Structures are given as structure tokens and as C-alpha cells.
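J.: Pasting the sequence and the predicted coordinates here, then a few questions.
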Amino acid sequence: MESSSVVARHGKLRVQGNRIVDKNGKPVQLHGMSLFWSQWIGQYYNADAVNWLTNDWRCTVVRAALAVEPDGYLKNPAKEKQKIITVVDAAVDAGIYVIIDWHDHNAHQKTDAAVRFFGEMARRYGKLPNVIYEPYNEPLDKTSWSKEIKPYHEAVIREIRRYDPDNIIVCGTRTWSQRVDEASEDPIKFSNIAYTLHFYATTHRQSLRDMATTAMKNGVALMVTEFGTTEASGDGVIDYEETKKWWKFLDDNDISWCNWSVADKVEAAAALKPGASARGKWKEAEITASGKFVRDELRRKNPPTKIATKQR
């Protein structure tokens with residue numbers, strides 16, 4: 001039986017304690033896919049692909065990964081920004097949530113550019129419940145949380161909050177968004193803030209889940225805006241059993257997730273095989289082993305939602 005859109009059901013999300021909750025105050029867990037770096041595999045940044053991810057894969061969230069560099073937003077701002085706008089507009093029309101991701105490993109070195117970009121996104125989308133902001137994809141391991149990452153987040157958050165007082169902002173953490181425990185000990189003092197947890201199942205196991213548990217015990221909410229079924233390189237062996245352990249952990253703690261990635265790259269973490277249609281409607285033969293595994297989980301978890309999307 002088809003149901004209303006996920007955004008119609010849950011409305012504006014907020015952070016309450018160490019959980020993300022919906023308009024009724026009930027914990028909500030979103031499941032979806034992340035697009036690949038926009039400058040390299042940008043062909044899936046279109047409404048047809050988003051609609052297919054919504055209706056066939058049953059995603060309740062998609063992540064638009066704005067590539068900052070190399071050859072990304074800093075070099076071609078209008079071109080890369082338009083890809084994000086196209087995906088966000090399509091997600092809004094489809095009635096799902098969408099993460100606007102500043103996909104960068106050194107974002108604190110480009111604070112002014114990020115502030116301008118997120119200010120513009122907040123002005124454009126701040127009144128809609130669909131949008132989640134992700135200002136810093138993966139800070140590196142040698143970057144300081146308290147001295148570099150946190151002040152960067154605070155600058156971007158202040159700009160977002162000028163136009164959007166309450167949509168959730170998910171803040172990247174040190175060591176490729178793994179050290180959520182560290183961030184939880186020196187949290188950001190704004191409302192509706194969650195912290196980014198990334199994992200690749202073949203590489204990251206119980207010790208990282210323990211860090212996540214520590215962070216939640218310290219009272220912060222988490223979101224997995226990116227995970228892989230593979231090694232941290234995005235390639236190598238798919239670990240099905242460890243991915244299932246992660247899924248159970250995320251289910252048990254109401255933590256949302258996006259899988260990396262909607263890409264046709266020759267890479268184990270890619271959901272699609274080379275040459276897969278840019279417009280969705282992917283046949284079985286176009287989907288990789290990881291893509292089939294994740295799609296099956298998405299369809300198992302989420303009810304069907306056939307949304308009559310309007311054309312822009």
C-alpha cells in the first residue's frame with residue numbers, strides 16, 4: 001500500500017537530546033544514498049535520478065555532494081552550485097529529505113566561501129522542512145576540533161541561522177568524521193546540531209561503534225551522512241556481515257544513514273556499473289553487488305511512496 005511522502009509524515013526535524021525527532025517528537029531514522037563528488041560524476045544530479053531513488057530504491061533522503069576542489073565549486077561555482085540546486089529542488093518535489101554537503105577535506109581553510117554558499121542555500125531553502133545542511137564533509141585527522149573545525153562550523157552556522165532558524169545542521173568531525181566522541185566533549189552551542197559519523201564497514205568496526213556510543217552517552221545526536229560497505233578506500237572487499245552489524249547498531253540508536261555512492265565508477269563502493277543510465281530506471285545488470293545489497297535494505301526498511309512529482 002502506497003503512503004504519503006516521508007516529509008509529509010515527519011515534517012520539520014529537530015534534535016532532542018541525542019536523537020533526531022520528527023514534528024511529533026518521535027525519533028526518526030532516514031535511509032538513502034549519497035551522490036558522488038559533483039565535479040567528477042555529475043550526471044546523476046538530475047530530477048529523474050532523484051525520482052528513481054525515491055520511488056524504486058525507496059530512499060527517504062539523498063545527499064548532494066558539492067565538490068569544492070579540485071576543479072569543483074571554487075573553480076566553477078555557477079556550474080557546481082546549479083547541480084546542487086537541481087537535486088534539492090527534485091528532492092523537495094519528491095517529498096524526501098536532502099543533505100546539502102560541502103564535500104571537502106580542508107573546509108576550514110575556505111571559511112568565507114562556505115559562509116557565502118550556505119548563506120545562499122539558507123535564503124533559498126530555509127523555510128522548507130526538507131533541507132539538512134552538512135558544512136564539512138570529512139576533516140582530516142591532523143586538524144584540531146576545538147581550534148579549527150569547531151570555529152569553522154560556528155561561522156557557517158551563524159550565517160545559516162540568519163535565514164534558517166531551525167533546520168538541522170550536521171557537523172563533520174575530526175579524522176574523516178569519525179571522532180564524534182571528541183566533538184561530544186566540546187559541543188557546538190547552537191540548537192538542532194548533530195554530528196557526522198562516517199564508516200566503511202570492512203575497515204571500521206566495533207571500536208568506531210564504541211566512539212559513537214560514547215558520543216551519544218555525552219548527549220549528542222549523530223547522523224551517518226556517508227558509509228561504505230567496503231574498505232575505507234571505497235574499493236576492495238565488501239563486508240556484508242559487518243555492514244549488517246552497523247545497520248543494527250544504527251537501527252538500535254535511531255541514526256540516519258546515506259550510502260556512498262550513486263556512481264558508475266569502477267569501484268566496489270559504487271552502486272552502479274560503468275555506463276549506467278544517468279536518468280535512473282536502472283536494470284539489475286546496471287547495479288553492482290554493493291548497490292544491490294544496499295537497495296535491498298532500503299526497500300526492506302521503507303514503505304513504497306509513489307510521489308507525483310511536478311516538473312520544474
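T.: Structure received.

J.: just the helices in the stretch 101-250 of the chain please.
T.: 111-125, 150-163, 174-177, 180-185, 206-217, 240-252 (DSSP state H, counting those that start in this stretch).

J.: which residues are in contact with the fourth one?
T.: Residues outside helix 180-185 that contact it (Cβ atoms under 8 Å, 6 or more residues apart in numbering) are 145, 149-150, 171, 173-174, 195-197, 211-212, 214-216, 218-220, 222. Any C-beta I mention is one placed from the backbone N, CA and C, and that applies to glycine too.

J.: From those residues, keep the buried residues only.
T.: 145, 149-150, 171, 173-174, 195-197, 211-212, 215-216, 220, 222 (16 or more other Cβ atoms under 10 Å).

J.: Go through these and name the one nearest Leu35.
T.: Thr196 (16.4 Å; Cβ to Cβ).

J.: Not counting sequence-adjacent ones, nearest residue to that closest one?
T.: Ser177 (4.2 Å; Cβ to Cβ, 6 or more residues apart in numbering).

J.: cool, and Ala270?
T.: Distances taken as Cβ to Cβ, 6+ apart place Ala263 nearest to Ala270, at 4.4 Å, with adjacent residues excluded.

J.: so the one you found touches Tyr44, yeah?
T.: Yes - with contact defined as Cβ atoms under 8 Å, Ala263 reaches Tyr44; the gap is 7.5 Å.

J.: Before we move on, what's the pLDDT of Glu2?
T.: On pLDDT, Glu2 comes in at 48.

J.: how close does the residue nearest in space to the middle of the chain get to Ser261?
T.: Ranked by distance to the mean C-alpha position of the chain (Cα atoms, centre = their mean), the top residue is Thr225 at 3.2 Å. In this view, Thr225 and Ser261 are 11 Å apart by Cβ to Cβ, to the nearest Å.

J.: shared neighbours of the two, anything?
T.: Ser34.

J.: circling back: between Ala263 and Tyr44, point out the one with more neighbours.
T.: Using other Cβ atoms under 10 Å, the more surrounded residue of Ala263 and Tyr44 is Tyr44, with 28 against 25.

J.: Helix, strand, or coil at the more buried one?
T.: When classified by DSSP: H, G, I helix; E, B strand; the rest coil, Tyr44 comes out as coil.

J.: Please list all residues in contact with it.
T.: Here Tyr44 is in contact with 35-36, 262-263, 278 (criterion: Cβ under 8 Å, 6+ apart).

J.: residue contacts, the residue nearest to the centre of the chain?
T.: Taking Cβ under 8 Å, 6+ apart, one finds 34, 63, 99, 101, 134, 137, 170, 177, 196, 198, 257-258 in contact with Thr225.
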